[in-house]
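Got a predicted structure plus its sequence, pasted below:
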Amino acid sequence: MTSDSDLLRRYAEAGSEDAFAELVRRHLDLVYSAALRQVNGDAHLAQDVAQTVFRDLARKAASLSTHQTLTGWLYTSSHFAANKAVRTEQRRHTHEQEAHSMRELLLDSGPELDWTTLRHALDAVMHELNDADREAILLRYFEHRQLAEIGERLGLSEDAARKRVDRALEKLREHFAKKGITTTAAALSVVIAANAVQSAPVGLATAITAAAVISGTAVATSTAITATKIIAMTTLQKAVVTLTVAVLAGAGIYEAHQALQLREQNQALQQQQAPLTDQLQQLRRERDDATNRLSALTDELARVKKNPSELLKLRSQVGTLRQEKAAADSQSAVSKALANPETRKSIREHNKMVSSGIYSDLAKRLQLTPEQTGQLNDLMADHVMDSLDLITQALRDHKSQAEVRQIFSASDTALQGKVQALLGDDALTQFQDYTKNISSTLFVNSFASSLTGDPAMVADKKSRLLQAMQDATQSALAAAGLPANYQTMVAANPGNFASEDEAAYNIQLKDNIFAQTAARASAFLSPDELNKFQEMRADAIKNTQNYVLMERKLLSPVSQ
C-alpha cells in the first residue's frame, strides 16, 4: 500500500487529486469519529470539523509530506479543530455533565465497561499521553493494525511494538482512573476497538476532497503542475475550476465555508485575482495589438488607394484584423479557458464530483440507485456548464435584468423537466424543496456552533432558527413579487453573474431575509447569540459582494 507520505508528496508536488482523495478515504472515518465525539454527536458540526482538518492538510501538504504516517497529525488536528468549533459555554456545560456521569458510574466501571462511560472523556485522556504512546494506541485500537505493521511503522520489532502498545494502554487506563473511571486494560482495549471509529456519512469524502483541493489550489497558486489532464491545468484554469464549482453545483460547499471561514476565504479570493488579472491583461493586450495593427493598415490603405492591387490586399488584411479585434473584445477569461475541450471536460468532472457530495442527502432521502445518483450528478454538472455558457453570452450581448431573468427561468424550467423525467413527480417535488431551502439549511447548520445551552436546548434553537429563516425567505419573496422557488443563495443563482442589477437586487434581498430572521429570532436567541448572528450576516454580505465581483471579472468580455 502506498504510504501516506508518498501520497501527500504527490499532491504537494504534482497536484494529484487522486492521491489526496485516497488520503481522505484512508483517514476520514478516524477524523470524523474523533470530531463527532467532541461535538456531542452533532453530525453536521463533525463534518465541518473534518473539512477543516483536511483543508489544513491540503494547505500544509509540502511541510507534512515527510511524515511517514499522518494518523497522529490528523487525530491531533481533529482534536484542536473540534475544540475550536465548540464554544466555551457549551464546552463548560458538557464537562459538568461528564463529571456528574463519571461520579455516578464510579463504582460500576469494571470489566464490563460501557462505551457511554468513555466516549466523552476519551479524546481528552488520549491527549494526556505522549506522542509515542498515543500513536501506538491509535494504530492498534483505532485503525486495527497488526503488531507487525505497527512495528514497521514505528521502526520497532513486533515484540517491541507489543510492549509499546501494552505500556501505552496501561498509561491510558491510569489516566482514566484519575478521572474516576476505573477498569482493566483488557476491558478498555475491547471497548475502544469496538466503538472508537465510526463510518462517516456517504458522500462526505467526495465533498471534502473537492473543498480541500479547491482551498489548497487557492492558497498555493505556485504549486508545480507536471502531470496530465487536470494536473496539467494552468493557474487560470484552476481558478476557473474554483469558479464553476462555486456556481450552482458547488454552491453548498461555498456557502457552508462562507459562513465558517469568511475572512479566510476573502483572502483566498483576493489571491485568486492575481492570475485572473494577468489573463485579462493578456486578452486586452491581444485586443490592443489588433487595434494598433488595424489603425496602421487603415493609414496604409489611405496612402495606396491609387494602387488597385495593393488596395485589395490591404482591405483583406483590414477585414481579418477587424474580425480578430471583435473576437478579442467579446471574449472572457472563462470563455477562452472553456474553448479547450480538455479543460472543459476537467471542469465538468470537478462539478460532478462536488455535486455528488452536495446532493448525497437528497439521493438517500429518495432512495436512489447508484445508477440514478450518477445520472442526477451528470445532470447537475451539465446544468452548470450550460449556465456558464449562458452567463458569458448574456454579458457579451448586454442583456437587461429582465432578459437575464427570462433566460435563466427557462434554463431552470428545463432542468426541472429533466429531473422529473429522470426521477418522477414525487422526486421532483423533493428536489425543489431541497434546492429552495438549501441556503437557509446551510447557514443555520454553520451558525449552530454559536448556539449555547444543553444539547436539547441547542437543537430546539437550531430548529426554530431554521424555521424563522425559511419563513423570512418566503415573506421576502412574496413582498417582492417573486416565485416561492426563487433561489436566494447568491452563488447558486446564475443571473447574479449575468446582470449587475440582478446581483445587487439578490444581495439586498438576502440581507432583508437576514434582517427579518434576526427580528424573529430575538424571541429565542440570547443577546450574545444575536450579536454573533449579525456579525455573520455582515461578513456573509460583504464576502458575497467580493465573490460576485471577482466572478463577473472572469466572465465579462474584455471590452467591458
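Yep, that arrived. Numbering: from 1, shown residues only.

Helices of the stretch 1-150 of the chain, residue ranges please.
4-14, 17-38, 43-59, 61-64, 71-85, 88-104, 115-118, 122-126, 131-137, 147-154 (DSSP state H, counting those that start in this stretch).

Minimum distance to residue 429: which of these has it?
Nearest to residue 429 among the helices of the stretch 1-150 of the chain is helix 43-59; the distance by CB to CB comes to 24.1 Å. C-betas here are computed from N, CA, C, even on glycine.

tell me the SS of residue 486?
coil (DSSP: H, G, I helix; E, B strand; the rest coil).

separation between it and residue 359?
Using CB to CB, to the nearest Å, residue 486 is found at 20 Å from residue 359.

So for those two, which residue has more residues nearby?
Each of residue 486 and residue 359 has its neighbours counted (other CB atoms under 10 Å); residue 359 has more, 24 against 20.

so what's the nearest residue to that one once chain neighbours are set aside up against?
Using CB to CB, 6 or more residues apart in numbering and skipping the chain neighbours, the partner closest in space to residue 359 is residue 376 (6.2 Å). Taking CB atoms under 8 Å, 6 or more residues apart in numbering as the contact definition, residue 376 lies against 355, 359, 363, 368, 419, 422, 423.

before we move on, which element is residue 376 in?
Assigned by DSSP states H and E, residue 376 belongs to helix 370-396.

pull the helix or strand with minimum mean pLDDT from the chain.
Of all helical and strand segments in the chain, the minimum by mean pLDDT, DSSP states H and E falls on helix 251-260, at a mean of 40.

low-confidence ranges in the stretch 301-450 of the chain?
301-338, 343, 350, 354, 357 (pLDDT under 70).

was I right about residue 137 contacting residue 126?
Yes: shown here, residue 137 and residue 126 form a contact pair, counting by CB atoms under 8 Å, at 6.8 Å.

quick one: common contacting residues for the two?
Common contacts of residue 137 and residue 126 (CB under 8 Å, 6+ apart): residue 172.

Turn the helices of the stretch 1-150 of the chain into TSV, columns for mean pLDDT, distance to residue 167 and mean neighbour count.
Output for the helices of the stretch 1-150 of the chain, formatted as TSV (pLDDT from 0 to 100; distance: least, CB to CB, whole Å; neighbours: other CB atoms under 10 Å):
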stretch	mean pLDDT	distance to residue 167	mean neighbour count
helix 4-14	87	25	20
helix 17-38	91	22	22
helix 43-59	90	28	24
helix 61-64	86	27	17
helix 71-85	91	17	20
helix 88-104	49	25	14
helix 115-118	79	20	16
helix 122-126	89	15	19
helix 131-137	91	7	19
helix 147-154	88	13	17
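
Tell me which of those helices lies nearest to residue 393.
Nearest of those (CB to CB): helix 17-38, 30.2 Å.

how many degrees apart are the closest one and helix 4-14 in direction?
120 degrees (axes from the mean of the first three to the mean of the last three CA atoms, to 10 degrees).

who are the neighbours of helix 17-38, in terms of helices and strands?
Packed against helix 17-38, as judged by 3 or more CB pairs under 8 Å, 6 or more residues apart in numbering; DSSP states H and E, are the following elements: helix 4-14, helix 43-59, helix 71-85, helix 122-126, helix 204-219.

sorry, back to before: turn the helices of the stretch 1-150 of the chain into TSV, columns for distance to residue 546.
Output for the helices of the stretch 1-150 of the chain, formatted as TSV (distance: least, CB to CB, whole Å):
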stretch	distance to residue 546
helix 4-14	28
helix 17-38	26
helix 43-59	20
helix 61-64	27
helix 71-85	25
helix 88-104	31
helix 115-118	46
helix 122-126	37
helix 131-137	41
helix 147-154	45
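
Other residues contacting the helix or strand where residue 407 lies?
In this assignment (DSSP H and E), residue 407 forms part of helix 401-423. The contact list for helix 401-423, computed with CB under 8 Å, 6+ apart, reads 366, 368, 372, 375-376, 379, 383, 386-387, 390, 394, 399, 427-428, 431-432, 493-495, 498-499, 501-502, 505.

now residue 531: how far from residue 537?
Applying CB to CB, the value for residue 531 to residue 537 is 11 Å.

between the two, who's got more neighbours?
Neighbour comparison, residue 531 and residue 537: the larger count goes to residue 537, with 20 against 12 (by other CB under 10 Å).

ok, now which ones touch that one?
So residue 537 contacts 511, 514, 515, 518 (CB under 8 Å, 6+ apart).

Please point out which parts of stretch 177-185 sit buried.
By 16 or more other CB atoms under 10 Å, the buried positions in stretch 177-185 come out as 180, 181, 183.

Mind giving me the packing neighbours of whatever helix or strand residue 160 lives in?
In the assignment (DSSP H and E), residue 160 maps to helix 158-178. Other helices and strands packing on helix 158-178, by 3+ CB pairs under 8 Å, 6+ apart, are helix 122-126, helix 131-137, helix 147-154, helix 185-195.

List of residues touching the third one?
By that I understand helix 147-154. Against helix 147-154 from outside (CB under 8 Å, 6+ apart): 68-69, 132, 135-136, 139-140, 145, 156-158, 160-162, 164-165.

Report the two of these separated the most.
68 and 162 (20.0 Å).

So between these two, which is more surrounded?
Higher neighbour count among residue 68 and residue 162: residue 162, with 17 against 13, using other CB under 10 Å.

Need the nearest residue in space to the more buried one, chain neighbours excluded.
residue 147 (5.2 Å).

Phi first, then psi, for residue 120.
Here is the backbone geometry of residue 120 (degrees, to the nearest 10): phi -80, psi -30.

hang on, isn't it packed against residue 39?
No: using CB under 8 Å, residue 120 is not in contact with residue 39; the gap is 11.1 Å.

For those two, indicate the residue with more neighbours.
Shown here are residue 120 and residue 39; by other CB under 10 Å, residue 39 has more neighbours (24 against 18).

Going by neighbour count, list what's buried in stretch 389-408.
390, 391, 392, 394, 395, 396, 399, 401, 404, 405, 407, 408.

nope, stretch 183-203 is what I meant
Here stretch 183-203 shows 183, 188, 189, 190, 191, 192, 195, 196, 197, 200, 201, 203 as buried, counting by 16+ other CB under 10 Å.

Ends of stretch 135-142, what's the gap?
One end of stretch 135-142 to the other measures 10 Å (CA to CA, to the nearest Å).

Contacts for it, please.
Residues contacting stretch 135-142 (CB under 8 Å, 6+ apart): 30, 69, 71-72, 75, 126, 129, 145, 147, 149-150, 153-154, 161, 164-165, 168-169, 172, 189, 192-193, 196-197.

Return the residues in contact with residue 5.
Contacts of residue 5 (CB under 8 Å, 6+ apart): 65, 66, 67, 68, 69.

Tell me how far the fourth one lies from residue 160.
This points to residue 68. 17 Å.

For the contacts of residue 537, please prepare CSV with the additional fields neighbour count, secondary structure and distance to residue 414.
Below are these laid out as CSV (neighbours: other CB atoms under 10 Å; DSSP: H, G, I helix; E, B strand; the rest coil; distance: CB to CB, whole Å):
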residue, neighbour count, secondary structure, distance to residue 414
511, 16, helix, 30
514, 21, helix, 31
515, 14, helix, 34
518, 18, helix, 36
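
sorry, back to before: could you dump the helices and strands packed on helix 17-38 into TSV and include distance to residue 444?
Converted to TSV, those look like this (distance: least, CB to CB, whole Å):
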stretch	distance to residue 444
helix 4-14	33
helix 43-59	9
helix 71-85	15
helix 122-126	26
helix 204-219	18
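
List just the one of those helices that sits closest to residue 522.
Across the helices and strands packed on helix 17-38, closest to residue 522 is helix 43-59 (CB to CB), at 23.9 Å.

Can you check what angle separates the closest one from helix 4-14?
70 degrees.

what's helix 43-59 packed up against?
In terms of contacts (3+ CB pairs under 8 Å, 6+ apart), helix 43-59 is packed against helix 17-38, helix 71-85, helix 204-219, helix 251-260, helix 425-447.

Between the helices of the stretch 1-150 of the chain, which one is closest to residue 442.
helix 43-59 (9.4 Å).
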